[in-house]
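Chemist: starting from these lines, generate the structure:
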Amino acid sequence: MDKAEKIYEKGPGFLRDTFQYIFPGCLFLSLSFLLLIYFINWGEFRKEFICLFKNNAPNIASFILVLFLFFLIFGYLLGVLFMEVGDILNCCIKYRLRKKTFKDEMKIGINSPFILLYYIERYNLLSYTKRNIAISFFFLSILSICFYISLPSKCGFIYTAIIAAILFFLFIWFAHRAYKDFIERIDAALEMLECFSKREK
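Modeler: This next block holds a predicted model:
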């Protein structure tokens, strides 16, 4: 846990790249892949794939590496897409909360960058991360509906779509709560900086 905390505290760049982009994208890819494996009977293709895997056992490490890079690259690209699509949901996430905070963040960053980096900005990053995870479940729900329409005999897809839709709304609420915590910490930091400035005078 100590090592994980040290990695987490490396700054917003690590969180932004890993949790905002790569994690939601890889989550969507993983769930979509599991969905295909569980509900679709690949028949002969599955047998050929297993035989190919067995015949190339010495190259398993290379296959795993290629698969990992595939998930990493395409997960990142999907995460960027989710970030852009997620901007549409800001009206829900920032409902009854301050829409723009960059001036306050700059003020806090100039006066106390440590507070901004370790006690405030992380909640902003968490709100974006949870929003992107919500988007991944939204697209998973849409994908399940498409499978359900094209494969009517696979009724399990509709249940996956419903569960994914519920998780979508749940993570939207999580994102709203994280953004609310972010705003509250900005207000508290501004009050503290104002008190310190008055004491110095």
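Chemist: was I right about residue 160 contacting residue 146?
Modeler: No - Residue 160 is beyond contact range of residue 146, at 11.5 Å (criterion: C-beta atoms under 8 Å). Heads up, the C-betas are built off the backbone N, CA and C, glycines and all.
Chemist: between those two, which one's more packed in?
Modeler: Neighbours per residue (other C-beta atoms under 10 Å) separate residue 160 from residue 146, with residue 160 holding more: 22 against 12.
Chemist: check that one and give its pLDDT.
Modeler: Here, the pLDDT recorded for residue 160 equals 90.
Chemist: just residue 139 next, same as before
Modeler: Value for residue 139, per-residue pLDDT: 94.
Chemist: cool, and the one 3 residues further on?
Modeler: Model confidence at residue 142, expressed as pLDDT, equals 94.
Chemist: tell me the contacts of it?
Modeler: If a contact means C-beta atoms under 8 Å, 6 or more residues apart in numbering, then residue 142 has residue 161 as its contacts.
Chemist: quick one: the helix or strand encompassing it to chain centroid distance?
Modeler: Residue 142 is part of helix 121-150, with elements assigned from DSSP states H and E. Helix 121-150 has its C-alpha centroid displaced from the chain centroid by 8 Å (C-alpha atoms, centre = their mean, to the nearest Å).
Chemist: could I get the full set of helices for this structure?
Modeler: Using DSSP state H, the helices of the chain run over 2-8, 12-15, 23-39, 44-55, 60-86, 90-93, 102-111, 113-115, 121-150, 156-200.
Chemist: pick the most buried one from the ones you listed.
Modeler: Most buried of the helices of the chain, by mean neighbour count (mean count of other C-beta atoms under 10 Å): helix 121-150, with a mean of 21.
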